[in-house]
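**Student:** this one's sequence-less:
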């Protein structure tokens, strides 16, 4: 019942927003400029950030350090497998964003890698020309529909987010994430709750291990680590929403030009 | 008749001179990267590596411009003395931070792949830091200031699409916002970082 209400609310909400939203790239770019996102809850955010750092020091950093010692093929296999699961969330979001071609490509990737690639351990699809996988989520879909980011928030354990992205993540637990539905939601008897939580924990450790040196380096050389993480998160989200890795598409050059004068 | 011959010769002469010293942005980045990689792969102490990296940074990075970009709109409110003080403090901070970050890498392999001319003043050079067993490959783009063709300078590093200059700018802005936009607090923070 709750799921149905949530789906109806989400559909109504997106339709309303879609009518009013300026969906062209420039408007989305402007709305998602990191400097435009307000840190309304900075005091609480900084406390949560400190808590997350402690948690990182106790759990994620030591686990990532051990994980890094695994042989390369094992790490690649785990990474591929986790990425394969993420297709389940990406595909409905490709459709929500009107990117039907990419939804088809990602569906092909998921089917091939789950079967021939043995539960996603091997990325066979890339050798068949199905490359360039980009994760999508409900936060990005809402942004594409014209929803602004709202305030910046730091969530316990989960880390940096915005009000919009938090709303997007909530939809995962309300029927929007097929992986959640088949594990925790018990849509099938073959998977358990722990499979979902294990995959999420493993994703966190995989991410921490891949960025181990960068995170340590950033922390050591930052004047305000909280502000650096916030900036990097918001820049990253802006690019993911625009599906662009080009700085010239996301950065306003006027400040640089002013320096030259 | 004579003047007709002289003009093309003079034109050709100036053409040769003006082009002989200009350095292409991608060649400049590859050469800078090669020099840094050589230092990082040599059997030197960490302190020696840091000192040599600082020398490279001083010649190839536009530290002064990055400093004022990083300061954002606050730069408009500084008087000449404050600007001078800031430039000195930022230079010390930047060199320490930059060399410390780089010195952690051993023998990094970076290949320059392509370049994109944005304007007369800027070219983005695209490169790839090769992956190792410990980290995946990383895309690094370099914003090169090319107004002076003979002496191009690096103004920003964009790692996987994330701008370091922009991150630093927002970091400085946060420090100022948390302290009533008091520039002296930023000066103090920069001093403390450089001293530690």
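**Tutor:** Cool, got the structure. Everything numeric here is computed off the predicted structure, so don't read it as measured data.
**Student:** give me the low-pLDDT residue ranges for chain B?
**Tutor:** B:1-21, B:104, B:106 (pLDDT under 70).
**Student:** where along it do the helices fall?
**Tutor:** Ranges of helices in chain B, per DSSP state H, are B:2-20, B:25-41, B:46-60, B:63-71, B:80-103, B:164-178, B:183-195.
**Student:** want to throw those into CSV with mean neighbour count and distance to chain A?
**Tutor:** Where C-beta positions appear, they are placed from N, C-alpha and C, glycine not excepted. As requested, the helices of chain B are exported to CSV (neighbours: other Cβ atoms under 10 Å in any protein chain shown; distance: least, Cβ to the nearest Cβ, whole Å):
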stretch, mean neighbour count, distance to chain A
helix B:2-20, 9, 21
helix B:25-41, 18, 14
helix B:46-60, 16, 13
helix B:63-71, 21, 5
helix B:80-103, 17, 5
helix B:164-178, 20, 3
helix B:183-195, 15, 5
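**Student:** can you put those helices in a markdown table and add distance to residue B:156?
**Tutor:** Converted to a markdown table, these look like this (distance: least, Cβ to Cβ, whole Å):
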| stretch | distance to residue B:156 |
| --- | --- |
| helix B:2-20 | 27 |
| helix B:25-41 | 12 |
| helix B:46-60 | 13 |
| helix B:63-71 | 7 |
| helix B:80-103 | 12 |
| helix B:164-178 | 4 |
| helix B:183-195 | 19 |
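**Student:** who wins for proximity to residue A:230 among the ones you listed?
**Tutor:** Nearest of the helices of chain B to residue A:230, taken as Cβ to Cβ: helix B:164-178 at 7.2 Å.
**Student:** That closest one to helix B:80-103, inter-axis angle?
**Tutor:** If you take axes from the mean of the first three to the mean of the last three Cα atoms, to 10 degrees, helix B:164-178 sits at 130 degrees to helix B:80-103.
**Student:** so what secondary structure elements neighbour helix B:164-178?
**Tutor:** helix A:225-242, helix B:63-71, strand B:153-159, helix B:183-195 (3 or more Cβ pairs under 8 Å, 6 or more residues apart in numbering or on different chains; DSSP states H and E).
**Student:** closest one to residue B:46 among these?
**Tutor:** helix B:183-195 (17.4 Å).
**Student:** and the angle for the closest one with helix B:80-103?
**Tutor:** Using the same axes, to 10 degrees: helix B:183-195 against helix B:80-103 is 30 degrees.
**Student:** Find out how far helix B:183-195 is from the centre of the chain, if you would.
**Tutor:** 21 Å (Cα atoms, centre = their mean, to the nearest Å).
**Student:** For it, name the packing helices and strands.
**Tutor:** Using 3+ Cβ pairs under 8 Å, 6+ apart: helix B:183-195 touches helix B:80-103, helix B:164-178.
**Student:** I'd like the helices and strands packed on helix B:164-178 as TSV, with distance to residue B:115 appended.
**Tutor:** Output for those, formatted as TSV (distance: least, Cβ to Cβ, whole Å):
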stretch	distance to residue B:115
helix A:225-242	20
helix B:63-71	20
strand B:153-159	13
helix B:183-195	33
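**Student:** and residue A:197, which of those is closest to it?
**Tutor:** Closest among the helices and strands packed on helix B:164-178, using Cβ to Cβ: helix A:225-242, at 23.2 Å.
**Student:** got the buried residues for that closest one?
**Tutor:** Buried residues in helix A:225-242, counted by 16 or more other Cβ atoms under 10 Å in any protein chain shown: A:225-235, A:237-242.
**Student:** which strands and helices sit next to that helix?
**Tutor:** By 3+ Cβ pairs under 8 Å, 6+ apart, helix A:225-242 packs against helix A:25-31, helix A:42-55, helix A:138-144, strand A:159-162, helix A:212-221, helix A:247-250, strand B:162-163, helix B:164-178.
**Student:** Phi, psi for residue A:190 please.
**Tutor:** Main-chain torsions, residue A:190, degrees, to the nearest 10: phi -90, psi -20.
**Student:** one step back: of all the helices and strands packed on helix B:164-178, which one is nearest residue B:29?
**Tutor:** Short answer: strand B:153-159, nearest of those by Cβ to Cβ, at 7.5 Å.
**Student:** near chain A, anything from the closest one?
**Tutor:** Yes - contact of strand B:153-159 with chain A (Cβ under 8 Å from any Cβ of the partner chain) involves B:155-156, B:158-159.
**Student:** could the residues you listed go into a markdown table alongside distance to residue B:34 and neighbour count?
**Tutor:** A markdown table is the format used below for the residues of strand B:153-159 next to chain A (distance: Cβ to Cβ, whole Å; neighbours: other Cβ atoms under 10 Å in any protein chain shown):
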| residue | distance to residue B:34 | neighbour count |
| --- | --- | --- |
| B:155 | 20 | 21 |
| B:156 | 20 | 24 |
| B:158 | 20 | 24 |
| B:159 | 19 | 15 |
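**Student:** of those, closest to residue A:32?
**Tutor:** residue B:158 (17.4 Å).
**Student:** Around the closest residue to that closest one other than its chain neighbours, how many other residues sit close by?
**Tutor:** Closest residue in space to residue B:158, ignoring its immediate chain neighbours: residue B:141 at 4.0 Å, by Cβ to Cβ, 6 or more residues apart in numbering or on different chains. Residue B:141 has 25 neighbours, counted by other Cβ atoms under 10 Å in any protein chain shown.
**Student:** what sits against residue B:141?
**Tutor:** Counting by Cβ atoms under 8 Å, 6 or more residues apart in numbering or on different chains, residue B:141 touches A:247, B:124-127, B:157-158, B:161.
**Student:** just residue A:114 next, same as before
**Tutor:** A:84, A:120.
**Student:** Please report the distance of it from chain B.
**Tutor:** Separation of residue A:114 from chain B (Cβ to the nearest Cβ, to the nearest Å) stands at 23 Å.
**Student:** For chain A, give me the ranges with low pLDDT.
**Tutor:** For chain A, the stretches with pLDDT under 70 are A:1-27, A:29-30, A:245-253, A:260-261.
**Student:** Looks like residue B:93 contacts residue B:193 (just checking).
**Tutor:** Yes - here residue B:93 reaches residue B:193: they are 5.5 Å apart, a contact under Cβ atoms under 8 Å.
**Student:** what is in contact with these two at once?
**Tutor:** residue A:223.
**Student:** Straight-line length of stretch A:87-103, end to end?
**Tutor:** 9 Å (Cα to Cα, to the nearest Å).
**Student:** In it, which residues are buried?
**Tutor:** So, applying 16+ other Cβ under 10 Å, buried residues of stretch A:87-103: A:87-97, A:99, A:102-103.
**Student:** Right, I'll call it a day here.
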